[in-house]
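**Student:** Quick one, what's the 3D model for this:
(one chain, ligands or ions: 1)
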Amino acid sequence: MQKRLSKIEYIDGILKGDRVILSRAITLIESQLNTDRVLSQEVLEAILPHTGNSLRIGITGVPGVGKSTFIETFGKFLTSQQKKIAVLTVDPSSQITKGSILGDKTRMDELSNDPFAYIRPSPAGSSLGGVAFKTRESILLCEAAGFEIIIVETVGVGQSETYIHGMVDFFLLLMLGGAGDELQGIKRGIMEMADGIVITKADSGNEAKANLAKVEYENALHLYPRSASGWYAEVLLCSALEKNGIHETWNLIQKHQQQLTENGFFQQNRKRQTLDWMFQFIRQTLEENFYQNPSVANKLDAVKQAVESGKILPIQGALDLLYGN
Ligand code: GDP
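**Tutor:** Below you'll find the predicted structure:
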(Lines give C-alpha, C1' and ligand atoms only; values in the text may rest on other atoms or scores of the structure.)
Protein backbone atom coordinates (compact mmCIF):
# COMPACT_ATOMS: atom_id res chain seq x y z
CA MET A 1 0.00 0.00 0.00
CA GLN A 2 1.13 3.53 -0.75
CA LYS A 3 2.18 5.76 2.08
CA ARG A 4 -0.58 8.18 3.01
CA LEU A 5 0.16 11.73 1.99
CA SER A 6 -0.28 14.53 4.47
CA LYS A 7 -2.79 17.30 3.96
CA ILE A 8 0.00 19.72 3.05
CA GLU A 9 1.50 17.25 0.57
CA TYR A 10 -1.86 16.94 -1.16
CA ILE A 11 -2.45 20.68 -1.27
CA ASP A 12 1.04 21.61 -2.45
CA GLY A 13 1.07 18.82 -5.02
CA ILE A 14 -2.28 19.82 -6.47
CA LEU A 15 -1.43 23.52 -6.62
CA LYS A 16 1.85 22.66 -8.37
CA GLY A 17 -0.12 20.70 -10.97
CA ASP A 18 1.47 17.37 -9.99
CA ARG A 19 -0.68 14.79 -11.79
CA VAL A 20 0.29 11.87 -9.61
CA ILE A 21 -0.81 13.77 -6.53
CA LEU A 22 -3.93 15.04 -8.33
CA SER A 23 -4.86 11.42 -9.11
CA ARG A 24 -4.25 10.39 -5.53
CA ALA A 25 -6.36 13.30 -4.30
CA ILE A 26 -9.23 12.20 -6.56
CA THR A 27 -8.87 8.67 -5.21
CA LEU A 28 -9.00 10.16 -1.72
CA ILE A 29 -12.26 12.00 -2.39
CA GLU A 30 -13.71 8.83 -3.93
CA SER A 31 -12.91 6.85 -0.82
CA GLN A 32 -15.76 5.81 1.44
CA LEU A 33 -13.61 5.68 4.58
CA ASN A 34 -14.53 8.22 7.21
CA THR A 35 -10.91 9.24 7.87
CA ASP A 36 -10.43 9.84 4.15
CA ARG A 37 -13.60 11.91 4.04
CA VAL A 38 -12.32 14.24 6.74
CA LEU A 39 -8.98 14.65 5.01
CA SER A 40 -10.56 15.17 1.60
CA GLN A 41 -12.86 17.89 2.95
CA GLU A 42 -9.84 19.66 4.44
CA VAL A 43 -7.95 19.44 1.16
CA LEU A 44 -10.98 20.73 -0.77
CA GLU A 45 -11.44 23.64 1.61
CA ALA A 46 -7.79 24.60 1.24
CA ILE A 47 -7.82 24.57 -2.55
CA LEU A 48 -11.21 26.31 -2.88
CA PRO A 49 -9.70 29.80 -3.48
CA HIS A 50 -7.89 28.34 -6.51
CA THR A 51 -11.00 26.93 -8.17
CA GLY A 52 -13.66 28.21 -10.52
CA ASN A 53 -11.36 29.49 -13.25
CA SER A 54 -11.97 26.83 -15.85
CA LEU A 55 -14.56 26.46 -18.54
CA ARG A 56 -16.65 23.38 -17.72
CA ILE A 57 -18.07 21.53 -20.70
CA GLY A 58 -20.46 18.56 -20.45
CA ILE A 59 -20.62 16.12 -23.34
CA THR A 60 -23.23 13.42 -23.74
CA GLY A 61 -24.68 11.11 -26.38
CA VAL A 62 -25.74 7.49 -26.82
CA PRO A 63 -23.09 4.73 -26.88
CA GLY A 64 -21.46 4.64 -30.30
CA VAL A 65 -22.34 8.22 -31.26
CA GLY A 66 -18.64 9.04 -31.23
CA LYS A 67 -18.05 10.69 -27.86
CA SER A 68 -14.55 9.40 -27.23
CA THR A 69 -13.45 10.03 -30.82
CA PHE A 70 -14.86 13.55 -30.63
CA ILE A 71 -13.24 14.28 -27.27
CA GLU A 72 -9.92 12.94 -28.56
CA THR A 73 -9.97 15.22 -31.63
CA PHE A 74 -11.48 18.18 -29.82
CA GLY A 75 -9.05 17.72 -26.93
CA LYS A 76 -6.04 17.55 -29.26
CA PHE A 77 -7.28 20.72 -30.97
CA LEU A 78 -7.34 22.48 -27.59
CA THR A 79 -4.00 21.15 -26.36
CA SER A 80 -2.40 22.21 -29.66
CA GLN A 81 -3.30 25.74 -28.52
CA GLN A 82 -1.45 25.08 -25.25
CA LYS A 83 -4.69 24.75 -23.32
CA LYS A 84 -4.60 22.38 -20.39
CA ILE A 85 -7.63 20.11 -20.39
CA ALA A 86 -9.00 17.51 -18.01
CA VAL A 87 -11.54 14.88 -19.01
CA LEU A 88 -13.70 13.33 -16.29
CA THR A 89 -16.32 10.69 -16.93
CA VAL A 90 -19.57 9.91 -15.17
CA ASP A 91 -20.50 6.39 -16.14
CA PRO A 92 -23.92 5.12 -15.14
CA SER A 93 -23.04 1.59 -16.23
CA SER A 94 -20.22 1.21 -13.76
CA GLN A 95 -22.61 1.03 -10.82
CA ILE A 96 -24.63 -1.77 -12.34
CA THR A 97 -22.06 -3.98 -13.98
CA LYS A 98 -18.97 -2.75 -12.13
CA GLY A 99 -17.67 -2.60 -15.67
CA SER A 100 -17.74 0.52 -17.66
CA ILE A 101 -19.05 1.81 -20.96
CA LEU A 102 -16.81 4.82 -20.73
CA GLY A 103 -13.84 3.92 -18.60
CA ASP A 104 -11.88 1.42 -20.67
CA LYS A 105 -8.29 2.35 -21.18
CA THR A 106 -8.22 2.05 -24.97
CA ARG A 107 -10.29 5.19 -25.38
CA MET A 108 -8.61 8.49 -26.22
CA ASP A 109 -5.16 7.01 -26.72
CA GLU A 110 -3.52 10.11 -28.11
CA LEU A 111 -5.04 12.41 -25.57
CA SER A 112 -4.00 10.16 -22.67
CA ASN A 113 -0.39 10.62 -23.73
CA ASP A 114 -0.67 14.36 -24.20
CA PRO A 115 1.22 16.34 -21.54
CA PHE A 116 -1.50 19.02 -21.64
CA ALA A 117 -4.31 16.56 -20.98
CA TYR A 118 -5.46 14.61 -17.97
CA ILE A 119 -8.08 11.84 -18.22
CA ARG A 120 -9.84 10.30 -15.27
CA PRO A 121 -12.47 7.56 -15.62
CA SER A 122 -15.52 7.35 -13.42
CA PRO A 123 -15.31 5.60 -10.06
CA ALA A 124 -17.30 2.38 -9.91
CA GLY A 125 -19.41 1.06 -7.12
CA SER A 126 -21.40 3.83 -5.54
CA SER A 127 -24.73 5.34 -6.54
CA LEU A 128 -24.93 7.62 -9.54
CA GLY A 129 -25.76 10.51 -7.23
CA GLY A 130 -22.67 9.68 -5.18
CA VAL A 131 -20.50 9.57 -8.29
CA ALA A 132 -21.88 12.94 -9.34
CA PHE A 133 -20.78 14.50 -6.04
CA LYS A 134 -17.29 13.07 -6.51
CA THR A 135 -17.19 14.46 -10.03
CA ARG A 136 -18.06 17.94 -8.77
CA GLU A 137 -15.23 17.71 -6.28
CA SER A 138 -12.86 16.33 -8.92
CA ILE A 139 -13.65 19.37 -11.09
CA LEU A 140 -12.47 21.61 -8.25
CA LEU A 141 -9.27 19.60 -7.79
CA CYS A 142 -8.50 19.76 -11.52
CA GLU A 143 -9.09 23.51 -11.54
CA ALA A 144 -6.76 24.00 -8.60
CA ALA A 145 -4.19 21.92 -10.49
CA GLY A 146 -4.34 24.46 -13.32
CA PHE A 147 -6.59 22.81 -15.88
CA GLU A 148 -8.36 25.48 -17.92
CA ILE A 149 -10.98 23.39 -19.65
CA ILE A 150 -12.76 20.54 -17.89
CA ILE A 151 -14.73 18.14 -20.04
CA VAL A 152 -17.24 15.96 -18.21
CA GLU A 153 -18.41 13.07 -20.34
CA THR A 154 -21.39 10.81 -19.79
CA VAL A 155 -23.50 8.33 -21.73
CA GLY A 156 -26.86 9.72 -22.70
CA VAL A 157 -28.98 6.87 -21.50
CA GLY A 158 -30.47 7.90 -18.21
CA GLN A 159 -30.17 10.27 -15.35
CA SER A 160 -26.48 11.01 -15.52
CA GLU A 161 -27.01 13.78 -18.10
CA THR A 162 -29.13 15.71 -15.64
CA TYR A 163 -26.37 15.53 -13.04
CA ILE A 164 -23.79 16.67 -15.58
CA HIS A 165 -25.96 19.52 -16.77
CA GLY A 166 -26.00 20.75 -13.17
CA MET A 167 -22.22 21.01 -12.99
CA VAL A 168 -21.11 22.50 -16.32
CA ASP A 169 -21.18 25.84 -18.11
CA PHE A 170 -21.89 24.44 -21.58
CA PHE A 171 -23.81 21.26 -22.27
CA LEU A 172 -23.09 19.59 -25.62
CA LEU A 173 -25.23 16.82 -27.03
CA LEU A 174 -23.77 14.56 -29.73
CA MET A 175 -26.28 13.02 -32.15
CA LEU A 176 -26.09 10.75 -35.19
CA GLY A 177 -27.48 11.71 -38.56
CA GLY A 178 -29.70 9.27 -40.42
CA ALA A 179 -29.98 6.80 -37.59
CA GLY A 180 -33.67 6.25 -38.23
CA ASP A 181 -35.42 7.22 -35.07
CA GLU A 182 -35.31 10.98 -35.03
CA LEU A 183 -34.38 11.38 -31.41
CA GLN A 184 -32.45 8.12 -30.95
CA GLY A 185 -33.78 7.42 -27.54
CA ILE A 186 -32.48 10.75 -26.29
CA LYS A 187 -35.23 12.11 -24.15
CA ARG A 188 -36.80 15.40 -25.06
CA GLY A 189 -35.65 16.87 -21.78
CA ILE A 190 -32.02 16.23 -22.71
CA MET A 191 -32.38 18.12 -25.98
CA GLU A 192 -33.97 20.95 -24.08
CA MET A 193 -30.94 21.15 -21.78
CA ALA A 194 -28.44 21.28 -24.65
CA ASP A 195 -26.56 24.50 -25.37
CA GLY A 196 -25.33 22.95 -28.60
CA ILE A 197 -25.94 19.83 -30.67
CA VAL A 198 -23.23 18.30 -32.81
CA ILE A 199 -24.15 15.78 -35.51
CA THR A 200 -21.25 13.33 -35.56
CA LYS A 201 -19.71 11.29 -38.40
CA ALA A 202 -20.63 13.80 -41.11
CA ASP A 203 -18.25 12.11 -43.55
CA SER A 204 -17.80 9.01 -45.76
CA GLY A 205 -20.98 9.53 -47.78
CA ASN A 206 -22.98 10.27 -44.67
CA GLU A 207 -23.02 14.02 -45.34
CA ALA A 208 -26.53 14.23 -46.82
CA LYS A 209 -28.05 12.39 -43.85
CA ALA A 210 -26.11 14.58 -41.47
CA ASN A 211 -27.37 17.73 -43.20
CA LEU A 212 -30.93 16.48 -43.03
CA ALA A 213 -30.53 15.70 -39.33
CA LYS A 214 -29.17 19.20 -38.77
CA VAL A 215 -32.36 20.71 -40.23
CA GLU A 216 -34.54 18.31 -38.22
CA TYR A 217 -32.83 19.14 -34.95
CA GLU A 218 -32.90 22.84 -35.69
CA ASN A 219 -36.64 22.56 -36.23
CA ALA A 220 -37.05 20.55 -33.05
CA LEU A 221 -35.07 23.13 -31.06
CA HIS A 222 -37.25 25.95 -32.35
CA LEU A 223 -40.17 24.43 -30.52
CA TYR A 224 -38.50 25.02 -27.17
CA PRO A 225 -38.79 28.38 -25.48
CA ARG A 226 -35.66 30.52 -25.53
CA SER A 227 -33.62 29.96 -22.37
CA ALA A 228 -33.61 32.67 -19.71
CA SER A 229 -30.01 33.55 -20.62
CA GLY A 230 -31.13 34.49 -24.11
CA TRP A 231 -29.02 31.73 -25.63
CA TYR A 232 -30.29 29.78 -28.63
CA ALA A 233 -28.86 26.26 -28.96
CA GLU A 234 -27.20 25.74 -32.34
CA VAL A 235 -26.71 22.59 -34.38
CA LEU A 236 -23.35 21.87 -36.02
CA LEU A 237 -21.94 19.12 -38.21
CA CYS A 238 -18.74 17.36 -37.33
CA SER A 239 -16.40 14.63 -38.43
CA ALA A 240 -13.98 13.82 -35.68
CA LEU A 241 -12.14 11.44 -38.01
CA GLU A 242 -11.62 14.11 -40.69
CA LYS A 243 -11.28 16.85 -38.08
CA ASN A 244 -14.10 18.93 -39.52
CA GLY A 245 -16.42 20.98 -37.37
CA ILE A 246 -14.07 20.92 -34.38
CA HIS A 247 -13.02 24.54 -34.66
CA GLU A 248 -16.65 25.54 -35.20
CA THR A 249 -17.69 23.69 -32.04
CA TRP A 250 -15.06 25.53 -30.05
CA ASN A 251 -16.21 28.86 -31.56
CA LEU A 252 -19.78 28.10 -30.51
CA ILE A 253 -18.70 27.32 -26.94
CA GLN A 254 -16.68 30.51 -26.79
CA LYS A 255 -19.55 32.56 -28.19
CA HIS A 256 -21.80 31.11 -25.48
CA GLN A 257 -19.28 31.91 -22.78
CA GLN A 258 -18.85 35.47 -24.02
CA GLN A 259 -22.57 36.15 -24.32
CA LEU A 260 -23.41 34.71 -20.90
CA THR A 261 -20.48 36.43 -19.22
CA GLU A 262 -21.65 39.75 -20.63
CA ASN A 263 -25.24 39.34 -19.53
CA GLY A 264 -24.32 37.93 -16.11
CA PHE A 265 -25.87 34.48 -16.64
CA PHE A 266 -22.53 32.69 -16.54
CA GLN A 267 -21.91 33.62 -12.90
CA GLN A 268 -25.57 33.34 -12.01
CA ASN A 269 -25.60 29.77 -13.34
CA ARG A 270 -22.49 28.89 -11.34
CA LYS A 271 -24.03 30.29 -8.16
CA ARG A 272 -27.23 28.36 -8.70
CA GLN A 273 -25.22 25.18 -9.32
CA THR A 274 -23.29 25.50 -6.05
CA LEU A 275 -26.51 26.01 -4.11
CA ASP A 276 -28.10 23.03 -5.87
CA TRP A 277 -25.05 21.00 -4.90
CA MET A 278 -25.59 21.88 -1.25
CA PHE A 279 -29.29 21.04 -1.34
CA GLN A 280 -28.68 17.78 -3.20
CA PHE A 281 -26.15 16.82 -0.57
CA ILE A 282 -28.61 17.62 2.21
CA ARG A 283 -31.31 15.51 0.54
CA GLN A 284 -28.96 12.60 0.02
CA THR A 285 -27.55 12.72 3.56
CA LEU A 286 -30.99 12.95 5.15
CA GLU A 287 -32.14 9.97 3.13
CA GLU A 288 -29.05 7.92 3.98
CA ASN A 289 -29.38 8.72 7.69
CA PHE A 290 -33.06 7.90 7.60
CA TYR A 291 -32.59 4.41 6.16
CA GLN A 292 -29.63 3.72 8.44
CA ASN A 293 -31.71 4.53 11.51
CA PRO A 294 -32.27 1.13 13.27
CA SER A 295 -35.93 1.78 14.05
CA VAL A 296 -36.58 2.46 10.36
CA ALA A 297 -34.44 -0.43 9.14
CA ASN A 298 -36.18 -2.85 11.53
CA LYS A 299 -39.69 -2.22 10.36
CA LEU A 300 -39.08 -1.26 6.73
CA ASP A 301 -39.89 -4.72 5.34
CA ALA A 302 -43.10 -5.01 7.33
CA VAL A 303 -44.29 -1.57 6.25
CA LYS A 304 -43.40 -2.32 2.61
CA GLN A 305 -45.48 -5.49 2.75
CA ALA A 306 -48.41 -3.69 4.32
CA VAL A 307 -48.32 -1.05 1.56
CA GLU A 308 -47.90 -3.61 -1.23
CA SER A 309 -50.81 -5.71 -0.02
CA GLY A 310 -53.03 -2.65 0.25
CA LYS A 311 -53.48 -2.94 4.03
CA ILE A 312 -52.33 0.61 4.53
CA LEU A 313 -51.97 3.63 2.26
CA PRO A 314 -48.46 4.55 1.02
CA ILE A 315 -48.71 7.85 2.92
CA GLN A 316 -49.56 5.98 6.13
CA GLY A 317 -46.55 3.74 5.62
CA ALA A 318 -44.32 6.75 5.05
CA LEU A 319 -45.63 8.53 8.17
CA ASP A 320 -45.13 5.38 10.20
CA LEU A 321 -41.50 5.15 9.09
CA LEU A 322 -40.89 8.88 9.48
CA TYR A 323 -42.60 9.49 12.80
CA GLY A 324 -43.51 6.05 14.12
CA ASN A 325 -47.26 6.76 13.74
P1 GDP B 1 -18.73 6.51 -28.02
O2 GDP B 1 -19.27 5.18 -27.60
O3 GDP B 1 -19.82 7.53 -28.10
O4 GDP B 1 -17.56 6.98 -27.22
O5 GDP B 1 -18.24 6.36 -29.56
P6 GDP B 1 -16.78 6.13 -30.15
O7 GDP B 1 -16.01 7.39 -30.16
O8 GDP B 1 -16.16 4.94 -29.50
O9 GDP B 1 -17.13 5.82 -31.69
C10 GDP B 1 -17.96 4.75 -32.06
C11 GDP B 1 -17.60 4.32 -33.49
O12 GDP B 1 -17.85 5.41 -34.39
C13 GDP B 1 -16.13 3.95 -33.65
O14 GDP B 1 -16.04 2.83 -34.51
C15 GDP B 1 -15.53 5.18 -34.29
O16 GDP B 1 -14.41 4.88 -35.11
C17 GDP B 1 -16.67 5.70 -35.14
N18 GDP B 1 -16.55 7.14 -35.31
C19 GDP B 1 -16.38 8.07 -34.33
N20 GDP B 1 -16.27 9.31 -34.87
C21 GDP B 1 -16.38 9.18 -36.21
C22 GDP B 1 -16.36 10.11 -37.31
O23 GDP B 1 -16.18 11.32 -37.18
N24 GDP B 1 -16.55 9.57 -38.57
C25 GDP B 1 -16.76 8.24 -38.76
N26 GDP B 1 -16.93 7.82 -40.02
N27 GDP B 1 -16.75 7.34 -37.75
C28 GDP B 1 -16.58 7.79 -36.50
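**Student:** what about the chain, any weak spots by pLDDT?
**Tutor:** Judged against pLDDT under 70, the low-scoring parts of the chain cover residues 1-2, 93-106, 124-126, 157, 179-187, 325.
**Student:** now the helices: where do they sit in it?
**Tutor:** Taking DSSP state H to define them, one finds helices in the chain at 7-15, 19-30, 34-47, 67-79, 93-97, 109-112, 128-144, 160-165, 188-193, 207-222, 246-262, 265-292, 294-308, 314-323.
**Student:** and of the ones you listed, who's closest to the ligand?
**Tutor:** Smallest distance to the ligand across the helices of the chain (C-beta to the nearest ligand atom): 3.4 Å, for helix 67-79. In this view, the C-beta of every residue, glycine as well, is placed from N, C-alpha and C.
**Student:** Are the closest one and the ligand in contact anywhere?
**Tutor:** Yes: when contact is scored as C-beta under 6 Å from any ligand atom, part of helix 67-79 falls within range of the ligand: 67, 68, 69.
**Student:** Of the residues you listed - the most surrounded one?
**Tutor:** Among the residues of helix 67-79 next to the ligand, the one with the most neighbours (other C-beta atoms under 10 Å) is residue 67, at 27 neighbours.
**Student:** show me what contacts it?
**Tutor:** Shown in contact with residue 67 (C-beta atoms under 8 Å, 6 or more residues apart in numbering): 59, 60, 61, 102, 153, 155, 174.
**Student:** which among the residues you listed are in contact with the ligand?
**Tutor:** Restricting the contacts of residue 67 to those adjacent to the ligand (criterion: C-beta under 6 Å from any ligand atom) gives residue 61.
**Student:** farthest-separated two in the contacts of residue 67?
**Tutor:** Of all pairs drawn from these, the greatest distance, 13.2 Å, lies between 102 and 174 (C-beta to C-beta).
**Student:** of those two, who's got more company?
**Tutor:** residue 174 (26 against 20).
**Student:** if I read this right, the more buried one contacts residue 59, doesn't it?
**Tutor:** Yes: at 6.7 Å, residue 174 and residue 59 qualify as touching, with contact defined as C-beta atoms under 8 Å.
**Student:** got any residues that touch both of these two?
**Tutor:** Counting by C-beta under 8 Å, 6+ apart, the shared contacts of residue 174 and residue 59 are 67, 70.
**Student:** pretty sure residue 31 contacts residue 43?
**Tutor:** No: with contact defined as C-beta under 8 Å, residue 31 does not reach residue 43; the gap is 11.9 Å.
**Student:** near the ligand, which residues of the stretch 201-325 of the chain?
**Tutor:** 201, 203, 204, 239, 240, 241.
**Student:** Got the phi and psi for residue 245?
**Tutor:** Dihedral angles phi and psi of residue 245 (degrees, to the nearest 10) take the values phi 80, psi 0.
**Student:** Give me the more crowded residue out of residue 31 and residue 43.
**Tutor:** With neighbours defined as other C-beta under 10 Å, residue 31 and residue 43 compare such that residue 43 has more, 25 against 15.
**Student:** That one contacts residue 8, doesn't it?
**Tutor:** No: applying C-beta under 8 Å, one finds residue 43 not in contact with residue 8, separated by 9.6 Å.
**Student:** and stretch 26-41, how far out from the chain's middle?
**Tutor:** Its chain's average C-alpha position is 20 Å from that of stretch 26-41, according to C-alpha atoms, centre = their mean, to the nearest Å.
**Student:** can you list contacts of it?
**Tutor:** With C-beta under 8 Å, 6+ apart as the test, stretch 26-41 has contacts from 7, 10, 25, 43, 44, 120, 123, 126, 134, 137, 138, 141.
**Student:** Only the buried members of the residues you listed: can you turn that into a PyMOL selection?
**Tutor:** Restricted to the buried members of those, where burial is judged by 16 or more other C-beta atoms under 10 Å, the PyMOL selection command reads as follows:
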select buried, resi 10+25+43+44+120+123+134+137+138+141
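**Student:** Farthest-apart pair in the contacts of stretch 26-41, please.
**Tutor:** The largest distance within these, taken as C-beta to C-beta, falls between 7 and 126 and amounts to 23.7 Å.
**Student:** Could you tell me which residues of the stretch 51-200 of the chain lie near the ligand?
**Tutor:** So far as C-beta under 6 Å from any ligand atom goes, the stretch 51-200 of the chain lies against the ligand at 61, 63, 64, 65, 66, 67, 68, 69, 200.
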